[in-house]
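Visitor: Dropping a prediction and its sequence here:
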Number of protein chains: 2
Amino acid sequence: MALQKLLKVTDLSSENFEAELQERINSQLNSYLNLNSQIEEAIKFALTAPGKRVRPTLIYLVGDIYNVSLERLDSLALASEIIHTYSLVHDDLPCMDDDDLRRGQPTLHKKYSESTAVLAGDAMQSLAIQIILEDINLSDELKVSIVKLLMKNIGYEGMILGQAQDISFEQKTVNKQEIIQMNYLKTGLLIEFCILAPLIIANKLDDEWNIISRNIGIAFQLIDDLLDLEESKESLGKATNKDHSKNKKNLPLILGRLETINEVKKLHDKTMESFSKLSLNNHPLMIYVENLFNRRN
Amino acid sequence: MALQKLLKVTDLSSENFEAELQERINSQLNSYLNLNSQIEEAIKFALTAPGKRVRPTLIYLVGDIYNVSLERLDSLALASEIIHTYSLVHDDLPCMDDDDLRRGQPTLHKKYSESTAVLAGDAMQSLAIQIILEDINLSDELKVSIVKLLMKNIGYEGMILGQAQDISFEQKTVNKQEIIQMNYLKTGLLIEFCILAPLIIANKLDDEWNIISRNIGIAFQLIDDLLDLEESKESLGKATNKDHSKNKKNLPLILGRLETINEVKKLHDKTMESFSKLSLNNHPLMIYVENLFNRRN
């Protein structure tokens, strides 16, 4: 069996796909809003701050595996980044994590005001949904399935519950399993959405993908927590080692750096095993996820 | 032509429809959430506080005119009240209107914490959309049309823009037209949604209804502002005459009580004229809207 048979066809240039997709999402984020009000200005400021665009990139890469065109993924990609940004804007508020710096820029409540940050976050949630529902490239049936999954994953049993747990954990003793579950809710479920939504479009959702999306989602937050512990403020563009000073609970703080690295390695190996089963060796998704596991910022 | 010919058929008891609809919406608000987390508890606390349920009641009454069954309106009714409550929870935050009392109870950030209030509001927005999208009584096409309108009306060009203007107006001089436009955005557009969404289901949206919904929406906030000026804290269940003390701008404060009452009367007369054109004399909707115009709390 030739190696070629194991490879999925890709429409993306294997050398430069990451920069190309970043450019695609950034140009859309730039073009979407005007500056008719301070709220619009604030939303645009938050959305156009330099970011890694991990969530939209995952959407494009997973869709590519099953030949879903980039055009049919644009609204999801844009929405995923808007939802992520809304969660950061609210998470940075003084009553939450109280952060002054995000993506190398002042946080929204520092740049504008607290009320503007609350309202801009609220409006970003509506905007993300509006963008998916107005997409002329998706059927109503797909739009309903996709937004239903998104609302479930970011709502009171998903991302919001994770954020609430993250704050309440400051006041109590928690174990490894509780932290991993909180991570999964807070960060994993939106990552999971980005992997599963293109599969809904391609009608290719299955158990293997459910495992992959869960493992990547959990690992992503653990890597973030490891970097928070290790990296300098300059390279991350946000305050670091803050979790420790705020009595935040995360896995590196509870289990130590080495055991967390070991956890991440296990998740990495399982993910790569799943990719092999799906014949994704050397597909841009595999390369990209490998880079996510090894990222330094 | 007999009077009977001018009347629309109604499925509602003409004597007791208001209490019956309130009971219908309250029992749903009560049954929807469990208490699996503090976030759920907080959402439930906010949703089950005694309220007038104006928005769901409008949805049921408008639907009734065109024989849309109550079952096909339940998810919209529930969603409209959840969106309204989310907007109140965020509006009451210390960085916004800083209110301690709402519907006769402590506001969410007083009862729980500021972070819980931010997160509960966020989750309520997702929940409302989820409820509409999961409704088995509506087609995907209707769900998409309805949620699209909802997102437009409550987003950065709608309700959120109105709330941002309301705050920014504290720092500047504004005229009558600017205040009416801010009212329309902040309060009117959600009321408008409640009148237009059942018409989308009935396929009966037209210019006359657009005028009605706009007029009722604007009047509703003006009546609120008049009551705020006049009524006691006990009967409204929230702090009163606060607008004046916070340098808030509203029409009674700018134009005076009598001229505002005159504005409301004009909106009332136009609305009743439209109802007559649509042969709605004595329909429960007309009775209810008449009561809204004359309400004392």
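Guide: Structure received. Numbers count the residues shown, from 1 in each chain, chains lettered A, B, ... in the order given.

Visitor: When you work out contacts or count neighbours from here on, use the C-alpha atoms and nothing else.
Guide: Noted.

Visitor: Excluding sequence neighbours, find me the nearest residue to A:Asp166.
Guide: If you skip the residues right next to it in sequence, A:Asp166 has A:Met182 as its closest partner in space, 6.7 Å away by Cα to Cα, 6 or more residues apart in numbering or on different chains.

Visitor: I'd assumed A:Ile167 was in contact with the one you found.
Guide: No. Using Cα atoms under 8 Å, A:Met182 is not in contact with A:Ile167, being 10.3 Å away.

Visitor: higher neighbour count, those two?
Guide: Per other Cα atoms under 10 Å in any protein chain shown, whichever of A:Met182 and A:Ile167 has more neighbours is A:Met182, with 25 against 19.

Visitor: Could you measure from the residue nearest to A:Asp166 over to chain B?
Guide: Computed as Cα to the nearest Cα, to the nearest Å, the A:Met182 to chain B distance reads 13 Å.

Visitor: Helix or strand with the lowest mean pLDDT in chain A?
Guide: helix A:3-6 (a mean of 39; mean pLDDT, DSSP states H and E).

Visitor: Can you report how many residues lie near A:Ala19?
Guide: 10.

Visitor: try A:Leu255
Guide: 12.

Visitor: what about it, distance to chain B?
Guide: Taking Cα to the nearest Cα, one finds A:Leu255 at 26 Å from chain B.

Visitor: contacting residues around the residue nearest to A:Asp166?
Guide: For A:Met182, the contacting residues are A:Gly162, A:Gln163, A:Gln165, A:Asp166, by Cα atoms under 8 Å, 6 or more residues apart in numbering or on different chains.

Visitor: Tell me which residues of the helix or strand where A:Glu81 lies come out buried.
Guide: If you go by DSSP states H and E, A:Glu81 is part of helix A:74-91. Residues A:74-91 are the ones in helix A:74-91 that count as buried (16 or more other Cα atoms under 10 Å in any protein chain shown).

Visitor: Quick check: next helix or strand after the least confident helix or strand of chain A?
Guide: Proceeding C-terminally, helix A:3-6 gives way to helix A:17-32 as the next helix or strand, assigned by DSSP H and E.

Visitor: Identify the residues contacting the closest residue to A:Tyr112 other than its chain neighbours.
Guide: Once flanking residues are discounted, A:Tyr112 sits nearest to A:Ala42: 7.3 Å by Cα to Cα, 6+ apart. A:Ala42 makes contact with A:Leu108, A:Tyr112, A:Thr116, A:Ala117, A:Ala120, according to Cα under 8 Å, 6+ apart.

Visitor: what does A:Lys44 give?
Guide: By Cα under 8 Å, 6+ apart, the contact set of A:Lys44 is A:Leu29, A:Asn30, A:Leu33, A:Leu35.

Visitor: neighbours around A:Asn34, how many?
Guide: Neighbour tally, A:Asn34, other Cα under 10 Å: 11.

Visitor: Surely it touches A:Ile43?
Guide: No. Assessed by Cα under 8 Å, A:Asn34 is found out of contact with A:Ile43, at 10.0 Å.

Visitor: what's the overlap in contacts for these two?
Guide: Contact with both A:Asn34 and A:Ile43 is made by no residue, according to Cα under 8 Å, 6+ apart.

Visitor: List the contacts of A:Gly155.
Guide: A:Gly155 is in contact with A:Leu161, B:Asp122, B:Ala123, B:Met124, B:Ser126, B:Leu127, counting by Cα under 8 Å, 6+ apart.

Visitor: Redo these as TSV? Include distance to A:Ile223, secondary structure and neighbour count.
Guide: Shown next, in TSV, are the contacts of A:Gly155 (distance: Cα to Cα, whole Å; DSSP: H, G, I helix; E, B strand; the rest coil; neighbours: other Cα atoms under 10 Å in any protein chain shown):
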residue	distance to A:Ile223	secondary structure	neighbour count
A:Leu161	21	helix	23
B:Asp122	26	helix	27
B:Ala123	26	helix	26
B:Met124	30	helix	27
B:Ser126	28	helix	26
B:Leu127	30	helix	23
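
Visitor: Pipe those residues into CSV and attach distance to A:Met272 and pLDDT per row.
Guide: As requested, these are arranged in CSV below (distance: Cα to Cα, whole Å; pLDDT from 0 to 100):
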residue, distance to A:Met272, pLDDT
A:Leu161, 29, 98
B:Asp122, 35, 98
B:Ala123, 34, 98
B:Met124, 37, 98
B:Ser126, 33, 98
B:Leu127, 35, 97
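
Visitor: Relative to A:Ile200, which of these is nearest.
Guide: B:Ser126 (20.0 Å; Cα to Cα).

Visitor: For that closest one, which non-adjacent residue is spatially closest?
Guide: Counting by Cα to Cα, 6+ apart, the residue nearest B:Ser126 is A:Met151, at 5.2 Å.
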